[in-house]
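Trainee: Show me how the following folds:
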Amino acid sequence: MRMRGEAAALLAVLLFSGTAAAQNSPAQPGPAPGGPVPGSPVLAGDPEAGRVLFQKCQTCHSGEIGVNKVGPSLWNVVGRKSATVPDYPYSPALRNAHKVWDAATLDAYLADPRHVLNGTRMLFQGLQDPRDRANVIAYLATLN
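Mentor: Below is the predicted model of the structure:
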């Protein structure tokens, strides 16, 4: 009887932490081309390797707070609602997306921005390598 109670407690912890729910619910958005990185992209990535890759992004984006370029500042982007950087003129597609830039959403978006968000003005073709995406996301998670 005690074993059944412990199993129920474990199941409750998994459900409320999102682990079981994430495994049993459809992903939003769908898997990125090239396959998703096992586990959380933020946890799986190398922030230092992501910092090096982010240099490509700096043509259009800043990692500094309040510094917008062609694209919005990516300071504190992980966990942020889409289209919420003040004084940045977002495309209608992004303003109406109502996304949260969590690791899974960023992973899919960085793989193929125009596929995930039809109508985005982001011209970047995407990062095909799942490890590169995980590394960039891990770096972005440090910008806060």
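Trainee: give the contact list for the most centrally placed residue in the chain.
Mentor: With distances taken as CA atoms, centre = their mean, the residue of the chain nearest its centroid is residue 106 (2.3 Å). By CB atoms under 8 Å, 6 or more residues apart in numbering, the contact list for residue 106 reads 41, 77, 78, 133, 137, 140. Every C-beta, even on glycine, is put in place using the N, C-alpha and C of the backbone.
Trainee: Am I right that the fifth one falls within a helix?
Mentor: Spelled out, it's residue 137. Yes: assessed by DSSP: H, G, I helix; E, B strand; the rest coil, residue 137 belongs to a helix.
Trainee: Tell me how far it lies from residue 109.
Mentor: 10 Å (CB to CB, to the nearest Å).
Trainee: Residue 78 too?
Mentor: 12 Å.
Trainee: How is this protein divided into domains?
Mentor: Split into domains by automatic domain parsing, the chain comes to 1-29, 31-140.
Trainee: Those: lowest mean pLDDT?
Mentor: For those, mean pLDDT drops lowest on domain 1-29, to a mean of 35.
Trainee: just so I have it, where are all the helices in the protein?
Mentor: Using DSSP state H, the helices of the chain run over 2-17, 19-24, 41-44, 47-57, 92-95, 103-111, 113-116, 130-140.
Trainee: what do residue 78 and residue 109 both touch?
Mentor: Residues touching both residue 78 and residue 109 by CB under 8 Å, 6+ apart: residue 101.
Trainee: ok, now which ones touch residue 122?
Mentor: Residue 122 is in contact with 60, 71, 113, 114, counting by CB under 8 Å, 6+ apart.
Trainee: follow-up on the earlier one: residue 87 versus the residue nearest to the centre of the chain, what's the distance?
Mentor: Counting by CB to CB, the gap from residue 106 to residue 87 is 22 Å.
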